[in-house]
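Peer 1: Below is the structure, and that's it, no one-letter string:
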């Protein structure tokens with residue numbers, strides 16, 4: 001049997017098995033979630049402490065059950081569940097892994113079946129498998145960043161609402177509840193979950209720490225730290241939150257100015273990175289024989305490899321230079 005045909009068959013089999021494991025694992029999720037919550041309440045511990053995989057995963061405890069949990073466990077799986085939580089998705093870790101394996105199998109099988117067992121077909125199959133495997137990760141990373149950016153943009157207004165509520169005599173829990181009613185997702189969802197944790201027995205410190213971990217926002221972590229310090233050392237919490245909100249507004253203004261000043265340099269880096277590929281494409285259309293030597297001779301292949309490496313290094317350096325933390 002052709003080894004490449006065997007690899008294509010195996011990739012299809014892995015795809016089917018991954019989907020089956022995902023569906024089978026998801027059957028146990030709801031019951032395990034309910035049992036985890038009941039155990040936390042009946043044992044006298046908080047909902048945060050009752051979780052088996054960390055504070056932020058208390059509602060996803062059942063999402064790693066089933067056959068797949070015996071293969072994938074530990075800190076890596078807990079971090080994966082946390083990333084899915086921060087990306088604001090309903091995907092379970094088992095489902096996410098199954099999707100990546102499924103896409104990788106399809107990405108390998110489809111080019112091979114369409115193009116054939118030639119060298120081009122093999123390269124296209126491997127490239128398709130790699131690209132398909134990393135596409136879900138890129139999507140989750142994009143959603144996580146977008147959610148954190150939106151949450152950071154909502155923080156100054158949220159802090160102002162909480163500060164004003166504290167000034168008129170509301171407690172911290174009432175102020176957070178009022179802000180959760182006034183604001184939109186995602187900050188409203190996070191505040192409601194924090195309030196729920198406090199209502200079912202978690203201490204404010206535990207609930208706020210879980211909020212900070214769950215959100216993945218540096219700005220929100222500063223807010224939580226300020227509240228925890230105030231609860232320990234005392235002070236005017238309303239004034240503290242006003243100061244933090246003002247600082248965040250100033251940081252947002254500075255970020256906007258930096259983006260404006262670096263926009264031209266970012267565009268320059270993009271043009272320089274795309275220019276060689278564009279020129280090569282035009283030459284291949286106008287005079288294909290002109291660049292054939294780069295793909296046929298050993299020296300040409302070495303030069304192409306060096307060009308790709310140097311291009312990648314240049315892109316990374318430009319991104320590092322333009323990445324300015326405020």
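Peer 2: Sure thing, it's come through. Keep in mind the model is a prediction, meaning the values are calculated, not measured.

Peer 1: domains for this protein, by residue range?
Peer 2: Taking automatic domain parsing as the domain assignment, the record places the domains of the chain at 3-144, 147-251, 262-322.

Peer 1: would a markdown table of the ones you listed with mean pLDDT be doable?
Peer 2: Rendered in a markdown table, the data for the domains of the chain read as follows (pLDDT from 0 to 100):
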| stretch | mean pLDDT |
| --- | --- |
| domain 3-144 | 67 |
| domain 147-251 | 91 |
| domain 262-322 | 82 |
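
Peer 1: In a markdown table: those domains, plus mean neighbour count.
Peer 2: (Glycine included, C-beta is placed from N, CA and C.) A markdown table is the format used below for the domains of the chain (neighbours: other C-beta atoms under 10 Å):
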| stretch | mean neighbour count |
| --- | --- |
| domain 3-144 | 17 |
| domain 147-251 | 17 |
| domain 262-322 | 11 |
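
Peer 1: Surely residue 115 is in contact with residue 127?
Peer 2: No. In terms of C-beta atoms under 8 Å, residue 115 does not count as a neighbour of residue 127; the distance is 11.3 Å.

Peer 1: need the helices for this protein, in chain order.
Peer 2: 3-26, 29-42, 67-71, 75-86, 93-115, 119-167, 172-182, 187-199, 204-215, 218-233, 237-286, 288-296, 298-322 (DSSP state H).

Peer 1: Distance from stretch 252-271 to the middle of the chain?
Peer 2: With C-alpha atoms, centre = their mean, to the nearest Å as the basis, the distance from the averaged C-alpha position of stretch 252-271 to the chain average is 24 Å.

Peer 1: neighbouring contacts of it?
Peer 2: Here stretch 252-271 makes contact (C-beta atoms under 8 Å, 6 or more residues apart in numbering) with 153, 156, 314, 315, 318, 319, 321, 322, 324, 326.

Peer 1: which of these sit farthest apart?
Peer 2: Maximum pairwise distance in the contacts of stretch 252-271, criterion C-beta to C-beta, is 37.2 Å, between 156 and 314.

Peer 1: my guess is residue 284 meets residue 291, correct?
Peer 2: Yes. Residue 284 sits in contact with residue 291 when judged by C-beta under 8 Å, with a separation of 5.9 Å.

Peer 1: one step back: let me have the contacts of stretch 252-271 in CSV, extended by distance to residue 256.
Peer 2: Formatted as CSV, the entries for these read as follows, by distance: C-beta to C-beta, whole Å:
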residue, distance to residue 256
153, 12
156, 14
314, 27
315, 24
318, 21
319, 19
321, 19
322, 15
324, 12
326, 10
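
Peer 1: Out of these, the closest to residue 235 would be?
Peer 2: Proximity of the contacts of stretch 252-271 to residue 235 was ranked by C-beta to C-beta; the top entry is residue 156 with 20.1 Å.

Peer 1: Return the residues in contact with the closest one.
Peer 2: Neighbour list for residue 156: 245, 246, 248, 249, 252 [criterion: C-beta under 8 Å, 6+ apart].

Peer 1: same question, residue 131
Peer 2: Applying C-beta under 8 Å, 6+ apart, we find residue 131 in contact with residue 107.

Peer 1: quick one: it from residue 125, how far?
Peer 2: According to C-beta to C-beta, to the nearest Å, residue 131 stands 11 Å off from residue 125.

Peer 1: Check residue 197 too.
Peer 2: Separation of residue 197 from residue 125 (C-beta to C-beta) stands at 48 Å.

Peer 1: Equivalent analysis for residue 152, please.
Peer 2: Plainly put, residue 152 is 41 Å away from residue 125 if you go by C-beta to C-beta.

Peer 1: Could you do residue 179 as well?
Peer 2: 52 Å.

Peer 1: How about residue 92?
Peer 2: Spatial separation of residue 92 from residue 125 under the definition C-beta to C-beta is 29 Å.

Peer 1: Repeat that for residue 79.
Peer 2: Summarising the geometry, the distance separating residue 79 from residue 125, computed by C-beta to C-beta, is 30 Å.

Peer 1: Return the distance of residue 186 relative to residue 318.
Peer 2: When residue 186 is compared with residue 318 (using C-beta to C-beta), they lie 31 Å apart.

Peer 1: hmm, back to that, spit out the residues that contact residue 131 and residue 125 alike.
Peer 2: Residues touching both residue 131 and residue 125 (C-beta under 8 Å, 6+ apart): residue 107.
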